[in-house]
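A.B. asks: below is the sequence, then the predicted model.
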Amino acid sequence: MEKISKLKKRRVLKGWGISLTYLGYSAIFWGYPFIWLVILTFSKWRYAGSPKFTGIDNILRVLSDELFWKTFLNTLNFMLYYIPMVLILSLLFAVALSKIKYMKSFIVLSFLVANISSGVAYSILFSKLFAENGPLNQTLYKAFGVTVPWFTNPQFAMLSIAIIVVWKFIGYYGLILYAGVQAIPKSVYEAAELDGAGKLTRFFKITIPLINPSLVMVTVMAITLAFGIFTEPYMITGGGPMRSTLSPMMLMYTTAFQKLDPTYSATMSIFVALMSFTIVFVFRKLFEREVNFQ
Amino acid sequence: MKKLLLSLIFILSIAGFSATKLVLWTAPNPQDEMFWKEVLTEWKKYRPDIEISWTTIPAAGSSEEAILSAIASGRTPDICGNIFAGFAAQLVEIDQIIELNKMPDYDKLIQNRTMKTIMEGWKLNGKNYVIPIYSNPILMWWRIDVLKKIGYSEPPRTYSELYELSKKFVVPKEKYAIRVIQGRNWWDRWYDYITYYYAASEGKPYIDTKKSKALFGSDAGKQVTEFISYMFKNNLTALELGTAPLYTGSLLGSLQGPWEIPYAENQFPDILKNIVITPPLVPDSYPKDKPVYTFADTKGIVIFKSSKHQKESWEFVKWVLSNEQFDKRFLEITKMPPAREDLMENPIFKDFFTRNPLSAEYAKYVKYAVPPALITKTVEVQDEMTVSLVEPLMYGTKAPQAALDEAVKKINKIIW
């Protein structure tokens, strides 16, 4: 009996020992800043001196701040373009990858290059490519006599930014979906084929439902990413035209470091986190299914 | 022997501890670094008792971000360069920098560096907290070879002259007259609307800092607004013009700072020979014989209140700025004119300007270059200028007068 209890104690200690690194890391790099963020939300502080308690002033300010809510609507607008595009294209990438026999690693690496490229570098590249008289528009003009206002029309600007972010993430999300596709046992497809299911039926009735966990994961990642975009609008459109691509991150950044109002910026970040969590929560409730291959 | 060694160690350690140590931050770019390296080598010889620990402003999103983080964590330097007027006003508001005009020999320094008029533009509530190191006038670059091809021997001076010659050159989607609007970031307004406003108004302020009131609703502001509107409405300009349009010949002219000279020397040396520099365009009614004012992209040096060695810091600042040789070296290394009014008269700079005629054009306008308004809400004001004034003109969504009225109204609300 005593031996068992000793063993149990040792296992508990071992467990704590292993978890401690992660817990320590989280406490320093997540817990500590988060506590500060909450303190700042209820204070007024401008870098010098100590924060002064101001109650819910900052919260009331956010609630009535038109500009902040404009950035929230901009994020929803971005999601409207980004999520369908990135899901369809990365799913196509995953399905295509599962059919390919040769040079698989090369293709995966080629797509992943976009994901690890510097945001500043590719933003400059795309801004030149999509410029009003850039190569893309010049080709369009010569061929069809029309040009597309990629970054100068409010809706096109958001679409263009979504296209750039999609380009960056196809490889990454596609790889997650590919892992999901690979996990589906071949026997399920074989059984369906014997029952006379066609290619489309197999895709929609087997592949899509069975990769639900991967699809949900990718969508959750896409939602959180939508609330965090910064480099692309900051570098390419500067938040315009007419503040149509101004993201919450950009607003928080300028508020904290250019308007010298870090406490208000902290409050906005809490709101953004809450909104992103809410959307993720609702999405999971609606679409997440338990998948069992048995 | 042992005693001697011990006393030597004792003396050395006392000397080591007693040396004053100052922390200096400067702009993070190679040219600035080269300049400050030379300055500090000289300082070591001049005052070995005051040690200076010099670094560039730490890597961050911007210099302002790095400095604010330093304030928050109590690690501000003693002296810091690369401070623009709006940020200086914010630092004064949060009581972080010292009043330099109270320091000993301040007047003498300003007189010796011939910057009396320049310092007027840097006054905040009648006090001076920053001394500008350089002042970059924003001027117009023209492709004279392209102008000659369409039958003009000199660049246009007024709006109407530009409209007329544009008709012979502009091909929409291919070639445009000039770049009127630089971008939609808040700082872009310095290099378009505010520059044109200073040119049209003989350098009058666009914000009354004492009465907290926008002044660009005046006639000059209206003329600039109509000019921008006309250019966009008639497709004589566009916001995005592709890569290096001035050098590829798809643009006749563009407003530029002197930092463009070293870039063009490296990238487009042949085209640089065909560049002619003029002041910004002015309204048709602007008298020919009057000097044209422009915007000054200027940054200065400050001393932080948290410094334990304010006296020594001031001594260093005074020493650097009093030495004409340093100004000469700064000009040679960075090609940016030092903020002094005697650039064209002082023989020390003569040789440089003879060898660099384009830089000389910039030097001529230092005395007509006006810094931005010293207000704490620079970002908010210029962002509003973008949204309420410049963008409606670009997209033609509002009449010029209506856009101007709304911008003035909203900016008054911000600064009130």
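C.D. replies: Thanks, I have it. Residues are numbered from 1 along each chain as shown, chains lettered A, B, ... in the order given.

A.B. asks: list the contacts of the residue of the stretch 301-416 of chain B found nearest chain A.
C.D. replies: Closest residue of the stretch 301-416 of chain B to chain A, C-beta to the nearest C-beta: residue B:379 (4.4 Å). Backbone N, C-alpha and C define where each C-beta goes, glycine included. Going by C-beta atoms under 8 Å, 6 or more residues apart in numbering or on different chains, residue B:379 touches A:254, A:258, A:259, B:86, B:186.

A.B. asks: which of the residues you listed has the most neighbours?
C.D. replies: residue B:86 (24 neighbours; other C-beta atoms under 10 Å in any protein chain shown).

A.B. asks: could you point out which element follows the helix or strand containing residue B:333?
C.D. replies: For residue B:333, the host element (DSSP states H and E) is helix B:324-334. Where DSSP H and E defines the elements, the next helix or strand beyond helix B:324-334 is helix B:347-355.

A.B. asks: give the buried residues for the helix or strand following that following helix.
C.D. replies: Per DSSP H and E, helix B:347-355 leads on to helix B:357-364 as the next helix or strand towards the C-terminus. Going by neighbour count (16 or more other C-beta atoms under 10 Å in any protein chain shown), the buried part of helix B:357-364 is B:358, B:359, B:360, B:361, B:362, B:363, B:364.

A.B. asks: and stretch A:110-121, by the same measure?
C.D. replies: Neighbour-count burial for stretch A:110-121 [16+ other C-beta under 10 Å]: A:111, A:114, A:119.

A.B. asks: of all those residues, which comes closest to chain B?
C.D. replies: Using C-beta to the nearest C-beta, residue A:119 comes nearest to chain B of the buried residues of stretch A:110-121, at 12.5 Å.

A.B. asks: quick one: the closest one from residue A:174, how far?
C.D. replies: Residue A:119 sits 20 Å away from residue A:174, going by C-beta to C-beta, to the nearest Å.

A.B. asks: repeat for residue A:8
C.D. replies: Distance from residue A:8 to residue A:174, by C-beta to C-beta: 45 Å.

A.B. asks: of those two, who's got more company?
C.D. replies: The residue with more neighbours, out of residue A:8 and residue A:174, is residue A:174; 26 against 10, by other C-beta under 10 Å.

A.B. asks: was I right about that one contacting residue A:112?
C.D. replies: No. Look at residue A:174 against residue A:112 with C-beta atoms under 8 Å: they stay out of range, at 9.3 Å.

A.B. asks: center of chain B - which residue?
C.D. replies: In chain B, the centroid-proximal residue (C-alpha atoms, centre = their mean) is residue B:297; its distance is 1.3 Å.

A.B. asks: for that residue, what are its contacts?
C.D. replies: Residues in contact with residue B:297 (C-beta under 8 Å, 6+ apart) are B:135, B:136, B:138, B:190, B:191, B:257.

A.B. asks: for chain A, what are the nearby residues on the stretch 51-200 of chain B?
C.D. replies: Contact residues, the stretch 51-200 of chain B versus chain A (C-beta under 8 Å from any C-beta of the partner chain): B:61-62, B:64-65, B:68, B:71-72, B:90, B:93-96, B:173-174, B:183-186, B:188.

A.B. asks: just these: which are in helices?
C.D. replies: Among these, the ones falling in helices (DSSP state H) are B:64, B:65, B:68, B:71, B:72, B:90, B:93.

A.B. asks: my read is that the last one contacts residue B:377, right?
C.D. replies: Right, the one you point to is residue B:93. No. Contact criterion C-beta under 8 Å: residue B:93 and residue B:377 do not qualify, at 9.9 Å.

A.B. asks: ok, and what's touching stretch A:165-183?
C.D. replies: With C-beta under 8 Å, 6+ apart as the criterion, stretch A:165-183 contacts A:82, A:85-87, A:89-91, A:93-95, A:97-98, A:108, A:110-115, A:117, A:122, A:207, A:210-211, A:213-215, A:217-218, A:221-222, A:225, A:229, A:232, A:293.

A.B. asks: report the buried residues of it.
C.D. replies: Buried-residue list, stretch A:165-183, by 16+ other C-beta under 10 Å: A:165-178, A:180-181.

A.B. asks: now the two most distant members of those residues.
C.D. replies: The two members of these with the most space between them (C-beta to C-beta) are A:165 and A:181, at 23.2 Å.

A.B. asks: now do the strands in the chain.
C.D. replies: Reading this off chain A. According to DSSP state E, chain A carries its strands in the segments A:43-46, A:48-53.

A.B. asks: sorry, I should have been clearer: chain B.
C.D. replies: Using DSSP E, strands in chain B cover B:20-26, B:50-56, B:79-83, B:123-124, B:127-128, B:131-137, B:139-143, B:176-179, B:207-208, B:213-214, B:251-256, B:275-278, B:294-303, B:369-370.

A.B. asks: can you give me the helices for the stretch 151-294 of chain A?
C.D. replies: Counting by DSSP state H, counting those that start in this stretch, the stretch 151-294 of chain A has helices at residues A:154-183, A:186-194, A:199-202, A:208-210, A:212-228, A:231-232, A:248-257, A:262-287.

A.B. asks: so which of those helices gets nearest residue B:81?
C.D. replies: Using C-beta to C-beta, the nearest of the helices of the stretch 151-294 of chain A to residue B:81 is helix A:248-257, at 18.7 Å.

A.B. asks: quick one: the spatially most central residue of chain A and residue A:267, what's the gap?
C.D. replies: Nearest to the geometric centre of chain A sits residue A:225, at 2.1 Å (C-alpha atoms, centre = their mean). According to C-beta to C-beta, residue A:225 and residue A:267 sit 22 Å apart.

A.B. asks: okay, the strands of chain B in JSON lines with mean pLDDT next?
C.D. replies: Formatted as JSON lines, those follow (pLDDT from 0 to 100):
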{"stretch": "strand B:20-26", "mean pLDDT": "94"}
{"stretch": "strand B:50-56", "mean pLDDT": "94"}
{"stretch": "strand B:79-83", "mean pLDDT": "94"}
{"stretch": "strand B:123-124", "mean pLDDT": "88"}
{"stretch": "strand B:127-128", "mean pLDDT": "94"}
{"stretch": "strand B:131-137", "mean pLDDT": "95"}
{"stretch": "strand B:139-143", "mean pLDDT": "97"}
{"stretch": "strand B:176-179", "mean pLDDT": "94"}
{"stretch": "strand B:207-208", "mean pLDDT": "94"}
{"stretch": "strand B:213-214", "mean pLDDT": "95"}
{"stretch": "strand B:251-256", "mean pLDDT": "95"}
{"stretch": "strand B:275-278", "mean pLDDT": "96"}
{"stretch": "strand B:294-303", "mean pLDDT": "95"}
{"stretch": "strand B:369-370", "mean pLDDT": "93"}
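
A.B. asks: which strands or helices does the lengthiest helix in chain A pack on?
C.D. replies: For chain A, the helix with the greatest residue count under DSSP H is helix A:66-99. Secondary-structure packing of helix A:66-99 (3 or more C-beta pairs under 8 Å, 6 or more residues apart in numbering or on different chains; DSSP states H and E): helix A:104-116, helix A:154-183, helix A:212-228, helix A:248-257, helix A:262-287.

A.B. asks: quick check: buried residues in that helix?
C.D. replies: A:68, A:70-72, A:74-75, A:77-79, A:81-83, A:85-87, A:89-91, A:93-95, A:97.

A.B. asks: hey, least reliable of the strands of chain A by pLDDT?
C.D. replies: Of all the strands of chain A, strand A:48-53 carries the lowest average pLDDT, namely a mean of 88.

A.B. asks: enumerate the positions of that one that are buried.
C.D. replies: For strand A:48-53, using 16+ other C-beta under 10 Å, the buried residues are A:48, A:51.

A.B. asks: now for it, which elements pack on it?
C.D. replies: So strand A:48-53, by 3+ C-beta pairs under 8 Å, 6+ apart, packs with strand A:43-46.

A.B. asks: so what touches the strand it packs on?
C.D. replies: Strand A:43-46 has contacts (C-beta under 8 Å, 6+ apart) with A:51, A:52, A:53, A:54, A:57, A:58, A:260, A:261, A:262, A:263, B:94.

A.B. asks: go through these and name the one nearest residue B:284.
C.D. replies: residue A:260 (41.8 Å).
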